[in-house]
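**Q** below is the sequence, then the predicted model.
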Amino acid sequence: MSYVDDVLALVQKKNASEPEFLQAVEEVLNSLRPVIEANEEAYRKEALLERLCEPERQFKFRVPWVDDKGQVQVNTGYRVQFNSAIGPYKGGLRLHPSVNIGIIKFLGFEQIFKNSLTGLPIGGGKGGSDFDPKGKSDREVMAFCQSFMTELCKYIGADTDVPAGDIGTGAREIGYMFGQYKRIRGVYEGVLTGKGLSYGGSLARTEATGYGLLYLTREMLKCNGHDIAGKTVCVSGSGNVAIYATQKAHQMGAKVVTVSDSTGWVYDPEGIDVALLKEVKEVKRARLTEYAAARPSAQYHEGRGVWSIKCDIALPCATQNELLIEDAKQLVANGCMAVAEGANMPTTLDATKYLQENGVLFAPGKAANAGGVATSALEMSQNSERLSWTFEEVDSKLQNIMENIFHNLDDAAKKYATPGDYVAGANIAGFLKVVDAMNAQGIV
Ligand code: NDP
């Protein structure tokens, strides 16, 4: 068996109960085959892939807190410090009932390559908890965040591991966690990113993932002879990434006609009203039924169905495995030309393959949504300098980073794989830098 197959079998055996992690490893290792096979014996001797697939360290801990009725609740907290070859661990904290160690490992593994692609000195990590902030009072969210950070603060620091937001962790949660870190550790440092502007946050961090997704999508279309202006776009999700992707798509002259949440979706043929969406989701923290009730042109549907709407560009921005093979078939039948992933691993492996085989331009999440972590790294730089850059300064750096990422993966696809295979391009470009650093640092 080839070295890649040996390692895939080993990873499957060791992590049999973690399907999302296995899916991520399989996708990455399969696309690295041309690079590994060119250097197979050296990589095998150094056990390079075994080291890459084994987190440097992982923590699992109890998070007890008291709800508004005086009842003690217990959640599980996680932090996986996956790979620090090119910099301190960096990656978000997901708060969602579906969180388990396999999901955190898949996200941490993806983060290694994503962070490498940004060109910035950040390693890969991820964390979170099965706590659900939905329906909780501010006091309950604070109680959870303080308890979570009371344990997490032992393992993180501005030069070691710098968590950020993710699903369920927005500005409110980061604020409570930062306050508790400072209280316990007694240091005012950039230990978290996604902070509020009054205490070390960066302008444009809120917008960065969604904006970055559109900067990369525009560059990918441009390099393939298309213009984003005038295109119809389907977005899924209605959280941070979806909202700012929709806003930037509109600014670029495209029209976004769908958004969704975990209970249903909206089709708005006149184009999503971003101000209304922000009011419903960011201010009221309400369901999309409220958007539809306030907007005569919008139709609300229960369940899933965003990908049934005819569009030129699809931007999945909700969660993992939300674009399935049947959705891919529908998109292709409807003439969709490009899919760019705002979420992490939203497209299943068979759906990705189908889209690519049918000539759809496909930008994987680890490249397309890297704008969030890139801007987090810019927040770290500002914190270290004790300076704040303007919105325009950060936004223009973000734009450069996203365009560079696209060209890196485009070049890597041409050099090592198949031209236009941006999945392979992203994995290979991300991998080469990390491997170079791992090799230079010896067997650690
Ligand atoms: P938010 O919590 O702000 O929004 C998530 C959105 O996805 C909500 O609309 C939510 O609906 C929906 N959603 C979540 N889980 C499910 C599910 N199981 N089924 C259907 N819909 C679901 O998160 P973000 O926008 O920050 O993150 C979205 C994705 O982007 C994630 O994959 C995240 O890892 C990725 N990402 C985020 C970055 C960031 O900077 N925020 C950076 C890079 C990647 P509901 O409100 O009903 O739960």
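**A** Structure received.

**Q** pLDDT score assigned to the residue nearest the centre of the chain?
**A** Nearest residue to the geometric centre of the chain (C-alpha atoms, centre = their mean): Asn344, 4.4 Å. Listed pLDDT for Asn344 reads 92.

**Q** residues in the stretch 101-250 of the chain within reach of the ligand, list them.
**A** Contact residues, the stretch 101-250 of the chain versus the ligand (C-beta under 6 Å from any ligand atom): Gly165, Asp166, Ile167, Gly168, Thr209, Gly237, Ser238, Gly239, Asn240, Val241, Ala242. (Glycine included, C-beta is placed from N, CA and C.)

**Q** which one of those residues has the most neighbours?
**A** Neighbour counts for these (other C-beta atoms under 10 Å) peak at Val241, which has 32 neighbours.

**Q** and the helix or strand containing that one, what does it pack against?
**A** Taking DSSP states H and E as the criterion, Val241 maps to helix 240-251. Helix 240-251 sits against helix 205-223, strand 232-236, strand 255-260, helix 274-278, strand 313-316, with contacts defined as 3 or more C-beta pairs under 8 Å, 6 or more residues apart in numbering; DSSP states H and E.

**Q** swap the cut-off to 6 Å and go again
**A** Helix 240-251 sits against helix 205-223, strand 232-236, strand 255-260, helix 274-278, with contacts defined as 3 or more C-beta pairs under 6 Å, 6 or more residues apart in numbering; DSSP states H and E.

**Q** tilt between that helix and strand 255-260?
**A** Orientation check (axes from the mean of the first three to the mean of the last three C-alpha atoms, to 10 degrees): helix 240-251 against strand 255-260 gives 170 degrees.

**Q** tell me the angle of helix 240-251 relative to helix 205-223?
**A** Helix 240-251 and helix 205-223 are oriented at 50 degrees to each other (the same axes, to 10 degrees).

**Q** CA atoms of helix 240-251 as CSV?
**A** Provided in CSV are the C-alpha atoms of helix 240-251 (Å, rounded to 0.1, in the frame of the first residue of the first chain):
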residue,chain,number,x,y,z
ASN,A,240,-21.9,36.3,10.8
VAL,A,241,-20.4,34.8,7.7
ALA,A,242,-23.7,34.8,5.7
ILE,A,243,-24.6,38.4,6.6
TYR,A,244,-21.4,40.0,5.5
ALA,A,245,-21.0,37.7,2.5
THR,A,246,-24.5,39.0,1.4
GLN,A,247,-23.5,42.6,2.1
LYS,A,248,-20.3,42.4,0.1
ALA,A,249,-22.0,40.5,-2.8
HIS,A,250,-24.5,43.3,-3.1
GLN,A,251,-21.7,45.9,-3.0
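
**Q** got the angle between that helix and strand 232-236?
**A** In terms of direction (the same axes, to 10 degrees), helix 240-251 departs from strand 232-236 by 170 degrees.

**Q** which outside residues touch helix 240-251?
**A** By C-beta atoms under 6 Å, 6 or more residues apart in numbering, the residues outside helix 240-251 that reach it are 207, 209-211, 213-214, 233, 235, 256, 259, 272, 274, 277, 315, 317, 342.

**Q** mind doing that once more with 7 Å?
**A** The contact list for helix 240-251, computed with C-beta atoms under 7 Å, 6 or more residues apart in numbering, reads 170, 206-207, 209-211, 213-214, 233, 235-236, 256, 259, 271-272, 274, 277-278, 281, 315, 317, 342-343, 369.

**Q** residues touching the residue of the stretch 101-250 of the chain found nearest the ligand, list them.
**A** Closest residue of the stretch 101-250 of the chain to the ligand, C-beta to the nearest ligand atom: Gly239 (1.7 Å). By C-beta under 7 Å, 6+ apart, Gly239 lies in contact with Ile167, Lys281.

**Q** go again using 8 Å as the cut-off
**A** Gly239 is in contact with Ile167, Asp261, Lys281, Cys317, Ala318, counting by C-beta atoms under 8 Å, 6 or more residues apart in numbering.

**Q** same question, Phe21
**A** For Phe21, the contact set (C-beta under 8 Å, 6+ apart) comprises Asn15, Gly102, Ile103, Lys105, Phe106, Phe109.

**Q** give me the pLDDT value at it.
**A** pLDDT, Phe21: 98.

**Q** and it, what helix or strand is that in?
**A** In the assignment (DSSP H and E), Phe21 maps to helix 19-37.

**Q** for that helix, buried residues please.
**A** Counting neighbours by 16 or more other C-beta atoms under 10 Å, one finds that the buried residues in helix 19-37 are 20-25, 27-29, 31-33, 35-36.

**Q** cool, stretch 6-22 as well?
**A** Val7, Leu8, Val11, Asn15, Glu18, Glu20, Phe21, Leu22.

**Q** alpha carbons of that stretch, as CSV, please.
**A** Coordinates of each C-alpha in stretch 6-22 appear next as CSV, following Å, rounded to 0.1, in the frame of the first residue of the first chain:
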residue,chain,number,x,y,z
ASP,A,6,-1.3,3.3,5.1
VAL,A,7,-1.8,6.5,7.1
LEU,A,8,-5.5,6.7,6.1
ALA,A,9,-6.0,3.2,7.4
LEU,A,10,-4.2,4.1,10.6
VAL,A,11,-6.2,7.3,11.2
GLN,A,12,-9.4,5.4,10.5
LYS,A,13,-8.5,2.8,13.0
LYS,A,14,-7.5,5.2,15.7
ASN,A,15,-10.4,7.6,15.2
ALA,A,16,-13.3,5.3,14.2
SER,A,17,-15.9,7.2,16.1
GLU,A,18,-15.1,10.6,14.6
PRO,A,19,-16.6,10.8,11.1
GLU,A,20,-16.1,14.5,10.5
PHE,A,21,-12.4,14.2,11.4
LEU,A,22,-12.0,11.2,9.1
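
**Q** residue numbering should commence at 35 henceforth.
**A** With 35 as the first residue, the last one maps to stretch 40-56.

**Q** returning to what we had before: thought the residue nearest to the centre of the chain was touching Ala402?
**A** No: judged on C-beta atoms under 8 Å, Asn378 makes no contact with Ala402 at a distance of 10.2 Å.

**Q** and the strands in this structure, which stretches?
**A** Per DSSP state E, the chain carries strands over the ranges 91-100, 106-117, 123-129, 157-163, 195-198, 266-270, 289-294, 298-301, 333-336, 347-350, 372-374, 395-397.

**Q** what would those strands look like in TSV with mean pLDDT and mean neighbour count?
**A** Listed next are the strands of the chain as TSV, based on pLDDT from 0 to 100; neighbours: other C-beta atoms under 10 Å:
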stretch	mean pLDDT	mean neighbour count
strand 91-100	98	16
strand 106-117	98	21
strand 123-129	98	28
strand 157-163	98	30
strand 195-198	98	25
strand 266-270	98	26
strand 289-294	98	25
strand 298-301	98	22
strand 333-336	98	14
strand 347-350	98	30
strand 372-374	98	27
strand 395-397	98	24
